[in-house]
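J.: give me coordinates for this.
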Amino acid sequence: MKLKESITIEEILGKKFKVRTVQPLDYGEAALTHYLHNSETPESTFYKEEALNEVKRFLENKESDKVGLEAAENALQGLLFDFQDEVPFKAPLDPKFKFIDLFAGIGGFRLALQSLGGKCVFTSEWDEQAKRTYRANFGEIPFGDITKEETKSYIPDDFDILCAGFPCQAFSIAGKRGGFEDTRGTLFFDVAEIIRRKRPKAFFLENVKGLRNHDRGKTLATILNVLREDLGYYVPDPQIINAKDFGVPQNRERIFIVGFRSGLGINDFEYPEPIEEVVAFEDVKEKEPVSVKYYLSTQYLKTLQEHKQRHESKGNGFGFEIIPDDGTANAVVCGGMGRERNLVYDDRLEDFTPITHIKGEVNRKGIRKMTPREWARLQGFPDEFIIPVADASAYKQFGNSVAVPAIKATAEEIIKKLDFE
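T.: All right, here's what the predicted structure looks like:
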């Protein structure tokens, strides 16, 4: 069958990557974009069959006729020939190492490791809006639910580093036996299972600070026992790393866990030392006046003040907080409290006419929420990073992400040990 005209990747995926509702095991878009990014590497074999199927499905829908594999192959080759990534963060042409990005979110790990010369050969993330942001910045659509065996089947062999900011689920039986069985039913088990099967040279895991003391330390002890005893990796004691020690004005503590495969001769590791650079919120504050929509209404501000006063009367420290320009932000996290504990003063607003439905009027004290771009900067994302989603999704995505500079500093130490030069 001869096609009437060539096709583009945007035609297949949608002009602006309109997130579609898919069946849980629809891997076409992910496989196609992964194939295009890895067409010259051995990893392409993991993606080509499904990439061809995706092109074939598109052509049949477009032509209203059956399309053979030869026509699909020609079209796929045409996509490779014309594939010009206009994304801001391209993979290195001559990578020093390869890594995979699990529970990828919007790509904080990928930003850090790509900047160090690494090539991401597999990505997984279940949230559809996060996938949209990931695709806008890296030109690749993550695979979905990593707990599915079919998703795991797309993970290539022989990558060097596994990265995962895995969610912390309750370990209902953690510590009873302290081994691999204790992690079943949790998302950590899926990470451990991939490490067991693929045996990467190293892994780099990130989680909330509270993991260290969860269930009186039994949860972390179980995780370390799995990594050290069951999987046979050298795992130094995990460390709490604060984002503010690595060039961003955000007090964000997270636990980092790294490990190296036995047989590599690596039996020591030092986490990075804090840098001497001192930064404050004013270093990431918007340079131009922001929309009135970010300013609190008088009624909302009154509610926050009353809420804080109630807790203060009980001796609690809960409530909103206003970050001074020379101060350090609290951790940006999902939910309203993440924004309420990171309010700022900004007296540059001139037009107080509301553009959203609010109770009362816009406050005249200059108190506003931080913008999504300010949250991005607090997490170390450069201004070139595209935010293609609505504010509500953007706050969630940056709140769920990693602090890129802290990840990069730690990854540098891992790479030194693996000696990829």
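
J.: least confident secondary structure element in this structure?
T.: Among the helical and strand segments of the chain, the one scoring lowest on mean pLDDT, DSSP states H and E is helix 336-340, with a mean of 77.

J.: and the next helix or strand past that helix?
T.: Downstream of helix 336-340, the first helix or strand assigned by DSSP states H and E is strand 343-345.

J.: what packs against that next one?
T.: Here strand 343-345 is seen to pack against strand 322-323, strand 367-368 when contacts are counted using 3 or more Cβ pairs under 8 Å, 6 or more residues apart in numbering; DSSP states H and E. Yep, even glycine has a C-beta here, placed from its N, CA and C like the rest.

J.: give me the mean pLDDT for the last one.
T.: Just to be clear, that refers to strand 367-368. Here strand 367-368 scores 97 as its mean pLDDT.

J.: from the contact counts, what lies against that strand?
T.: Under the contact criterion of 3+ Cβ pairs under 8 Å, 6+ apart, strand 367-368 touches strand 343-345.

J.: max-length strand in the protein?
T.: Taking DSSP state E as the criterion, the chain has its longest strand at strand 253-261.

J.: rewinding a little: reformat the helices and strands packed on strand 343-345 as CSV; add distance to residue 378 and mean neighbour count.
T.: As requested, those are exported to CSV (distance: least, Cβ to Cβ, whole Å; neighbours: other Cβ atoms under 10 Å):
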stretch, distance to residue 378, mean neighbour count
strand 322-323, 10, 18
strand 367-368, 15, 22
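
J.: my read: residue 111 touches residue 384, true?
T.: No - taking Cβ atoms under 8 Å as the definition, residue 111 is not a contact partner of residue 384, at 10.4 Å.

J.: look at these two and report which has more neighbours.
T.: More crowded of residue 111 and residue 384, by other Cβ atoms under 10 Å: residue 111, with 23 against 8.

J.: tell me the contacts of that one?
T.: Residues touching residue 111, when contacts are defined by Cβ atoms under 8 Å, 6 or more residues apart in numbering, comprise 89, 381, 385, 404, 408.

J.: let's see it at 10 Å
T.: Residues in contact with residue 111 (Cβ atoms under 10 Å, 6 or more residues apart in numbering) are 89, 137-138, 379-382, 385, 401-402, 404-405, 407-408.

J.: residue 119 now?
T.: In this structure, residue 119 makes contact with 37-38, 41, 43, 91-99, 110, 113, 159-160, judged by Cβ under 10 Å, 6+ apart.

J.: let's see that with 7 Å instead.
T.: By Cβ atoms under 7 Å, 6 or more residues apart in numbering, the contact set of residue 119 is 91, 92, 95, 98.

J.: where does the protein dip in pLDDT?
T.: 1-6, 15-25, 63-64, 82-85, 168-185, 317, 335-337, 421 (pLDDT under 70).

J.: what does the domain assignment say about it?
T.: When the chain is parsed into structural domains using automatic domain parsing, the resulting residue ranges are 9-82, 97-276+402-418, 287-370.

J.: the longest one spans what distance, first to last residue?
T.: To tie it back to what came earlier, the one meant is domain 97-276+402-418. Terminal residues of domain 97-276+402-418 are spaced 10 Å apart (Cα to Cα, to the nearest Å).
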